[in-house]
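>>> everything below, folded, please.
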Amino acid sequence: MTDSLPPVADRRPTDRVHHGDTFSDPYEWLRAKDDPAVRNHLEAENAYTDSRTAHLAGLRDRIFDEIKGRTKETDLSVPTRRGQWWYYGRTLEGKQYGIQCRAPLASPDDWTPPELTPGELVDGEQVLLDGNDEADGQEFFSLGSFEVSTDGTLLLYGVDLEGDERYTVRLRDLATGETLPDTIENTSSGATLSPDGRFVVYTTVDDAWRPDTVWLHEIGTPVAGDAQLFHEPDERYWVGAGFTRSDRYLVIGVGSSVTSEEWLLDADDLRGEPRVVWPRKEGVEYDSSHTVVGGEDVLYILHNDDALDFELVRVAASDPAGPRDVVLAHEPGRRLLGVSTFRDWGVAAYRRDGLARIGMLDYATGAVAEIAFDEPLYSVGTAGNPEWAPPLLRLGYGSFVTPSTISDYDVATGELLLRKQQPVLGGYDPADYGQERVWADAADGTRIPISLVWRRSFGEPGATPRPVHLYGYGSYEHSIEPGFSVARLSALDRGVVFAIAHVRGGGEMGRQWYEDGKLLAKRNTFTDFVDAARHLVSHGYTTPSRLVAEGGSAGGLLMGAVANLAPELFAGILADVPFVDALTTILDPSLPLTVIEWDEWGDPLHDAEVYAYMKSYSPYENVSSGVRYPRILAVTSFNDTRVLYVEPAKWVARLREVGADALLKCEMVAGHGGVSGRYDAWRERAFELAWLFDVLGVARV
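A predicted model of the protein is given here:
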């Protein structure tokens with residue numbers, strides 16, 4: 001390990017004064033992204049991190065080779081039917097990005113996707129978009145929109161070459177291969193074509209990166225003349241737009257963290273006036289899905305008005321504010337997540353007992369028939385179902401030990417038709433691995449679920465202390481599902497137990513679970529994670545010297561908070577794009593997405609109680625001298641618009657002041673999701689895992 005000295009950021013104190021409280025911030029100057037001194041400091045941090053981790057270069061290469069060796073590099077996705085074509089993606093060995101293709105149906109009754117062989121062409125195959133060609137000469141490439149017109153003649157795609165999530169939309173004539181002159185710059189993701197192929201509907205963002213306006217572009221006309229369909233002036237709300245599966249309506253969705261509203265436009269009259277489904281009501285969320293029942297256009301609406309875990313109702317599309325027929329009444333403990341409607345049946349998604357579920361909805365009776373699965377822990381959801389009247393429902397399934405699996409559910413027979421399971425090369429056997437859920441007691445008596453996965457040859461967890469990698473998130477009602485990971489096998493095969501603490505603030509146990517981990521109850525998220533770690537130590541799963549924690553984005557805030565709350569419990573903390581200067585960010589409404597976030601964290605700018613509460617846990621403000629911090633690696637991206645690079649940069653500088661062994665790795669050309677190419681992403685994960693293995697003492701295994 002090198003003896004090189006870490007970079008020392010200049011102290012340039014700036015006073016932040018709110019509600020009679022003054023906080024002197026020595027590192028706020030690092031926010032000046034265009035200041036050469038900032039870039040120089042970040043590059044010095046990268047050089048220091050490189051030198052401190054140089055001894056892990058061989059391990060990084062081995063981990064990368066393990067990931068690569070387990071991955072079928074030349075592969076294809078399962079074809080999805082839309083119109084007269086099967087659409088699918090190819091990956092090729094040595095290529096960073098996917099290739100989007102299509103092949104014609106054998107007949108109008110063809111619902112069985114063709115079995116494709118990697119490396120072999122398909123009869124009639126057309127390459128629609130080769131991401132490798134589009135990314136040629138670019139350091140970053142990401143698709144934010146990709147859609148083919150209903151008649152199959154026109155391709156729409158949106159590209160981000162910076163990592164800032166602003167996309168340039170282009171159109172391509174699929175008959176000639178010609179790129180049309182229509183170019184729409186600085187859009188948000190999710191641009192879409194109208195069913196008749198005449199228009200593009202897209203959204204743009206304001207200076208705070210909030211999608212706030214929906215536009216209509218008539219293909220072949222100047223973009224400067226595009227019509228504004230909808231604008232949302234309230235800075236707490238974002239907007240989005242998309243067509244119903246039936247192609248009957250354009251739905252404009254408006255939402256904050258706690259309130260939503262929808263507007264409908266007839267798809268054949270996009271220059272008409274939108275009409276509201278239900279006027280917004282503070283604290284009420286809903287979303288609608290269109291179908292036809294008994295010859296009448298109806299909307300199935302999922303909402304939480306006096307229904308904490310949501311209920312499902314049906315209304316006439318012509319009068320959505322009129323009578324409501326309750327289809328699925330509110331049932332505490334069954335969190336309804338969504339409904340997808342097709343011509344003949346619907347699909348309900350919900351959570352119960354900490355797991356995602358899928359059920360078939362009968363329009364006539366309102367009954368839901370759950371599709372059952374055998375594993376004790378799993379994740380399931382619908383996947384790629386663009387057709388309006390299919391006989392099959394495409395499902396995605398997986399678990400900690402079962403690789404991602406695509407099946408078609410035959411609605412008439414109830415049979416699951418396996419289409420593809422993610423290939424894992426090198427002799428992977430699910431029976432070699434175990435998974436289970438255990439429960440920890442929080443200080444207030446709440447039971448916290450912890451999911452575990454391990455390799456059986458090292459013994460059952462808890463029999464003897466093992467190295468443990470504990471992951472957490474706990475915000476926005478986002479649930480961390482039991483999913484498969486090729487990269488994780490490199491840890492499991494070295495004897496590491498992977499664990500997820502499903503802390504409050506997430507959505508695993510229903511809406512109340514989320515409510516109990518946000519706003520003025522946010523500390524529950526942090527103490528739950530600490531209590532989960534203590535449970536793993538006290539019950540013999542691990543020891544503090546063999547326990548590493550990881551979280552990203554809002555989960556990075558969790559990492560910073562637990563580093564201050566219980567540093568003695570962890571040997572290391574890996575924080576990806578961490579939200580560790582939360583109070584400074586949430587105080588500044590000019591920063592990207594800040595005002596939208598007030599429903600999640602509170603408004604410290606105008607509320608002294610929220611200010612004091614956030615200051616009590618915000619990681620940057622609470623770094624303390626005299627504390628023996630675990631080893632810390634913070635990973636960020638210079639062009640991230642969601643969690644700015646300055647947050648981990650300031651945090652690491654402050655940690656160094658008090659003697660912590662903290663490293664910062666900043667990708668200079670990337671966004672919130674990190675680097676864009678798959679090989680680059682594997683190398684980035686190999687870097688993180690090598691550091692993690694070094695901390696856990698399994699680097700030589």
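
>>> not counting residues beside it along the chain, what's closest to Asn524?
Here the nearest residue to Asn524 in space, its sequence neighbours aside, is Arg504; by CB to CB, 6 or more residues apart in numbering that works out to 4.5 Å. (Each C-beta comes from the backbone N, C-alpha and C, glycine too.)

>>> count of residues packed around that neighbour?
Using other CB atoms under 10 Å, Arg504 is surrounded by 28 other residues.

>>> so it sits against Asp516, correct?
Yes: taking CB atoms under 8 Å as the definition, Arg504 is a contact partner of Asp516 at 4.6 Å.

>>> what do those two both touch?
Contact criterion CB atoms under 8 Å, 6 or more residues apart in numbering; residues shared by Arg504 and Asp516: 446, 524.

>>> about what we covered before: need phi/psi at the residue nearest to Asn524.
Backbone torsions of Arg504, given as degrees, to the nearest 10, read phi -60, psi 150.

>>> now for it: which residues touch it?
With contacts defined as CB under 8 Å, 6+ apart, Arg504 is in contact with 446, 448, 474, 513-514, 516-517, 521, 524-525, 528.

>>> now the phi/psi pair for Gly144, please.
Note on Gly144: its backbone torsions stand at phi -110, psi -10 [degrees, to the nearest 10].

>>> excluding chain neighbours, what is closest to it?
Sequence neighbours aside, Ser189 is the residue nearest to Gly144 in space, at 3.5 Å (criterion: CB to CB, 6+ apart).

>>> likewise Leu696?
Residue nearest to Leu696 in three dimensions, not counting chain neighbours: Pro467, with 4.0 Å by CB to CB, 6+ apart.

>>> what about the chain, any weak spots by pLDDT?
Applying pLDDT under 70 to the chain flags residues 1-3, 670-676, 701.

>>> returning to that earlier point: can you say which of the contacts of Arg504 are buried?
Buried subset of these (neighbour count, 16 or more other CB atoms under 10 Å): 446, 448, 474, 513-514, 516-517, 524-525, 528.

>>> between these, which sits nearest Asp151?
For the buried ones among the contacts of Arg504, the residue nearest Asp151 by CB to CB is Tyr514; the value is 42.4 Å.

>>> doesn't that closest one lie inside a helix?
Yes: going by DSSP: H, G, I helix; E, B strand; the rest coil, the assignment for Tyr514 places it inside a helix.

>>> that one reaches Val503, doesn't it?
No: using CB under 8 Å, Tyr514 and Val503 do not qualify as a contacting pair, with a distance of 10.7 Å.

>>> just the element for Gly483, please.
Under the criterion of DSSP states H and E, Gly483 resides outside all helices and strands.

>>> surely it is in contact with Thr402?
No: counting by CB under 8 Å, Gly483 does not reach Thr402; the two are 9.5 Å apart.

>>> just want to know which of the two has more residues nearby.
Between Gly483 and Thr402, Thr402 has the larger neighbour count (other CB under 10 Å), namely 22 against 17.

>>> quick check: the more buried one touching Tyr428?
No: taking CB under 8 Å as the definition, Thr402 is not a contact partner of Tyr428, at 10.6 Å.

>>> can you tell me what sits against the helix or strand containing Val292?
With the criterion set as DSSP H and E, the secondary-structure element containing Val292 is strand 286-293. Residues from elsewhere that reach strand 286-293, judged by CB under 8 Å, 6+ apart: 244-246, 248-249, 251, 253, 260, 262, 277-278, 297-305, 314, 317, 320, 338-343, 346, 363.

>>> that strand: how far from the chain's middle?
Between the mean C-alpha location of strand 286-293 and the chain-wide mean there is a distance of 25 Å, by CA atoms, centre = their mean, to the nearest Å.

>>> in that strand, what's buried?
Applying a neighbour-count criterion of 16+ other CB under 10 Å, the buried positions in strand 286-293 are 286-292.

>>> over to stretch 147-164?
Taking 16+ other CB under 10 Å as the basis for neighbour counts, the residues of stretch 147-164 that come out buried are 147-150, 152, 154-164.
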